[in-house]
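J.: Mind folding the following:
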Amino acid sequence: MAKSHTPGIRMPLLLTLAALLAALLALSALFPVTGDDWYRETVGQNLHTLSELAELLIEKYQTTNPRLLGNLLAYCAGSHAALRAVLRGGILFILILAAAKNINRLTPIPVLLTFTALLVLPQAMFAQVYPWAAGFFNYVPPVATTLLFFVLARPVFEKEPMRDVPSAALGAFLLGFSGQLFIEHNTLYALLASLVLLAWYILEQRRFSLVLFFHTAGCVLGTALLFLSPAYRAIGNEDNAYTIERGLHGFLNTARENLPDMLQSLIETSPVLYLSLAALCLFFFFSLRKKRWSDVLLTAVITAAALWYLAGQLLGGPVPTLKLRLLIALIWGFTLLLSCLLWVPEGLQRRRAVFFLLSAAAAAAPLAVVSPIGPRCLFLSYVLLLLTAGNLLQAALADVQRPARAATAAAAVLAAGVWVFYLQIYFPIHQAEMAREHSIAQAMARGETEITVVRYPNSAWLWEPESQKMGEQYFYETPHDITFVLVNAES
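T.: Now for the predicted structure:
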């Protein structure tokens, strides 16, 4: 009987996964070529063999860009729209599954809610992470590899022995090594998280874990490979895009420049985060049988911080000083941590929530001392805060009885609504891209050196949607021998 009942249990999940994968592939196919992607389109057209690809990767590693796997994915996807959509949709699908597994077991409701949460990013972050291929292939895969490792490391959070089988150890090593060959601050965080979980396990269990050790070893080797690149010696040179000011004074100057963007991208423009985290903390407060004056004070501070962020978004007005914004962010984070420790029942969800909350700060910290940065750089920290909220939600609903069909239907409607929202943004962009390519091809057939192109609709949802970087893909003899004149659709 048990065997015959299993397909009935798994079928809703399989249908949900199939629908979400199809939705992600369809959305990925609508994203246009923008920014640095025009350069990679030309690179992709000129790569014909694996040896040519390897030579290019080695050249970039030695000179300007040591992110080996990020470059590999971006170059392979260049000039191959179908492959680009499949890679992007597939990697995002894996990220959603890994995130859902770090909150709950894989059932339709957690998967649907995770799908929704990972799409509802702040506008600027979404534009730089998902539609921009160069950003996607450097920022999303390492988050997926890190979350997959956390799935393997679940026994650490459960205070249970690790299952040290060779296949798991090999998988952990590959996740650790490969995840380090993308963006640098993700590399540093993954190494730190691996070391922390290994030490946590040894101290708590009084035993050694091959899986955790192999992941740490992979992280160490991958980190070494990344940072041994000669390209990092050029940081700070005039012809290098990235700069690091040396010494304590330089670090402080860079932090003063970067902190406003970090606070805005991660917290101040993220109502999904600060409102959900505040609401979940209030739920646990009101669930307390006995409320002390310190609990009331903590609740007041959490509520006040959330309202302050909401008022800043809705009402606008003068921008507060950096010191005030930083102070409120520190108070907000500290009170969230205290509420998790004091109010959330001991168990897997609380340990995960605390770990992910602290991880979000640790992952963002290196960004304070390197320039330039953008909302895409906070993607990892944003996902970690989403996992914090997800685990708090799971803990809050642990003893709540809810109709399975009604809850699943509600989660499905929410996910479908978010997908349709993005569909109505990016489908017109896709149509405009097709029309633009046709008009450019006609103008080049006539030999024109100054070509008028229509701006994309909904361009706020794209990163560098219009620039002379188009000249990296469209040219006669050498890049940029064509001038592009941008006009609005009404012109």
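
J.: Over to Arg446: give its phi and psi.
T.: When read as degrees, to the nearest 10, the backbone of Arg446 gives phi -90, psi 0.

J.: Kindly provide the distance from it to Ile440.
T.: As judged by C-beta to C-beta, to the nearest Å, Arg446 and Ile440 stand 11 Å apart. C-beta coordinates here come from the backbone N, C-alpha and C atoms, glycine included.

J.: neighbour-wise, which of the two wins?
T.: Taking neighbours as other C-beta atoms under 10 Å, Arg446 and Ile440 compare with Ile440 leading, 19 against 7.

J.: what about that one, distance to Asn458?
T.: Look at Ile440 and Asn458: by C-beta to C-beta, they are 20 Å apart.

J.: try Pro142
T.: Pro142 sits 28 Å away from Asn458, going by C-beta to C-beta.

J.: Look at the two and report which has more neighbours.
T.: Remark: of Pro142 and Asn458, Pro142 carries more neighbours, 28 against 15, as counted by other C-beta under 10 Å.

J.: Now for the more buried one, which secondary structure element holds it?
T.: Using DSSP states H and E, Pro142 falls within helix 133-152.

J.: Who are the packing partners of that helix?
T.: helix 37-46, helix 68-77, helix 81-101, helix 123-129, helix 166-178, helix 184-205, helix 210-227, helix 379-396 (3 or more C-beta pairs under 8 Å, 6 or more residues apart in numbering; DSSP states H and E).

J.: Just put those helices in TSV and tack on distance to Val370 and mean pLDDT.
T.: Output for the helices and strands packed on helix 133-152, formatted as TSV (distance: least, C-beta to C-beta, whole Å; pLDDT from 0 to 100):
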stretch	distance to Val370	mean pLDDT
helix 37-46	22	83
helix 68-77	16	91
helix 81-101	24	95
helix 123-129	16	94
helix 166-178	23	96
helix 184-205	8	95
helix 210-227	13	96
helix 379-396	15	95
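
J.: so of these, which one's packed in deepest?
T.: Across the helices and strands packed on helix 133-152, averaging neighbours per residue (mean count of other C-beta atoms under 10 Å) puts helix 379-396 on top, at a mean of 25.

J.: For it, which helices and strands make contact with it?
T.: helix 81-101, helix 108-119, helix 123-129, helix 133-152, helix 184-205, helix 271-286, helix 322-343, helix 348-364.

J.: Out of the ones you listed, the one nearest Ser371 is which?
T.: Checking the helices and strands packed on helix 379-396 against Ser371 by C-beta to C-beta gives helix 184-205 as the closest, at 12.7 Å.

J.: From Arg40, how far out is the residue most central in space within the chain?
T.: Closest to where the C-alpha atoms of the chain average out (C-alpha atoms, centre = their mean) is Phe379, at 3.7 Å. Distance of Phe379 to Arg40, computed by C-beta to C-beta: 20 Å.

J.: same check, this time on Thr116
T.: Distance of Thr116 to Arg40, given as C-beta to C-beta: 30 Å.

J.: What separation do you get for the residue nearest to the centre of the chain and Leu147?
T.: On the measure of C-beta to C-beta, Phe379 and Leu147 end up 12 Å apart.

J.: Ok, Ser381 next?
T.: Ser381 sits at a distance of 13 Å from Leu147 (criterion: C-beta to C-beta).

J.: next one: Ala398
T.: Using C-beta to C-beta, we find Ala398 at a distance of 22 Å from Leu147.

J.: Looking at those two, which one has more neighbours?
T.: More crowded of Ala398 and Leu147, by other C-beta under 10 Å: Leu147, with 24 against 10.

J.: does that one really touch Leu95, like I thought?
T.: Yes. With contact defined as C-beta atoms under 8 Å, Leu147 and Leu95 form a contacting pair (6.8 Å).

J.: Give the intersection of the neighbour lists for these two.
T.: Counting by C-beta atoms under 8 Å, 6 or more residues apart in numbering, the contacts common to Leu147 and Leu95 are Val383.

J.: show me what contacts Gln180?
T.: By C-beta under 8 Å, 6+ apart, the contact list for Gln180 reads Pro142, Thr187, Ala190, Leu191, Gly218, Cys219, Leu221, Gly222, Thr223, Leu225, Leu226.

J.: Hmm, I typed the wrong one, I wanted Arg84.
T.: Counting by C-beta under 8 Å, 6+ apart, Arg84 touches Ser28, Ala77, Gly78, Ala133.

J.: of those residues, closest to Pro366?
T.: Set against Pro366, the nearest of the contacts of Arg84 by C-beta to C-beta is Ala133 (24.1 Å).

J.: Give the burial count for that closest one, as a bare number.
T.: Using other C-beta under 10 Å, Ala133 has 27 neighbouring residues.

J.: Output the contacts of Arg84 as a markdown table; include the columns distance to Ser339.
T.: As requested, the contacts of Arg84 are arranged in a markdown table below (distance: C-beta to C-beta, whole Å):
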| residue | distance to Ser339 |
| --- | --- |
| Ser28 | 38 |
| Ala77 | 43 |
| Gly78 | 47 |
| Ala133 | 39 |
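
J.: Where is pLDDT lowest across those?
T.: Least confident entry in those, by pLDDT: Gly78, with 81.

J.: Correct me if wrong: that one contacts Glu41.
T.: Yes. Contact status for Gly78 versus Glu41: in contact at 5.2 Å, counting by C-beta under 8 Å.

J.: Find the pair from the contacts of Gln180 with maximum spatial separation.
T.: Across those, the longest distance by C-beta to C-beta is 15.2 Å; it joins Pro142 and Leu221.

J.: about what we covered before: between the contacts of Gln180, which is nearest Arg163?
T.: Of all the contacts of Gln180, Arg163 sits closest to Gly218, with 18.1 Å by C-beta to C-beta.

J.: For Leu69, which residues are in contact?
T.: Pro141, Ser178, Leu181, Phe182.

J.: mind checking how far the nearest residue to it once chain neighbours are set aside is from Glu268?
T.: Computed as C-beta to C-beta, 6 or more residues apart in numbering, the closest residue to Leu69 that is not its neighbour in sequence is Leu181, at 4.1 Å. Distance of Leu181 to Glu268, computed by C-beta to C-beta: 32 Å.

J.: residue ranges with poor pLDDT in this protein?
T.: 1-9, 234-247, 401-403, 491 (pLDDT under 70).

J.: go again using 80 as the cut-off
T.: Of all residues in the chain, those with pLDDT under 80 make up the ranges 1-9, 79, 233-251, 316-318, 371, 399-404, 466-468, 489-491.

J.: which one's the longest helix in it?
T.: Secondary structure of the chain per DSSP state H: the longest helix is helix 404-445.

J.: which parts of the helix or strand that that one is followed by are buried?
T.: Heading C-terminal from helix 404-445, the first helix or strand you meet, by DSSP H and E, is strand 450-454. Buried positions in strand 450-454, judged by neighbour count with 16 or more other C-beta atoms under 10 Å: Ile451, Val453, Val454.

J.: What pairs with strand 450-454, parallel or antiparallel?
T.: strand 483-487 (parallel) (DSSP bridges).

J.: now what about the partner strand, what contacts it?
T.: Thr449, Glu450, Ile451, Thr452, Val453, Val454, Arg455, Glu466, Gln468, Met470, Gly471, Tyr474.

J.: What is the nearest of those to Cys340?
T.: Glu466 (44.4 Å).

J.: now that closest one: how far from Pro375?
T.: For Glu466, the distance to Pro375 equals 19 Å [C-beta to C-beta].

J.: So for these two, which residue has more residues nearby?
T.: Set side by side, Glu466 and Pro375 show more neighbours around Pro375, with 24 against 18, by other C-beta under 10 Å.
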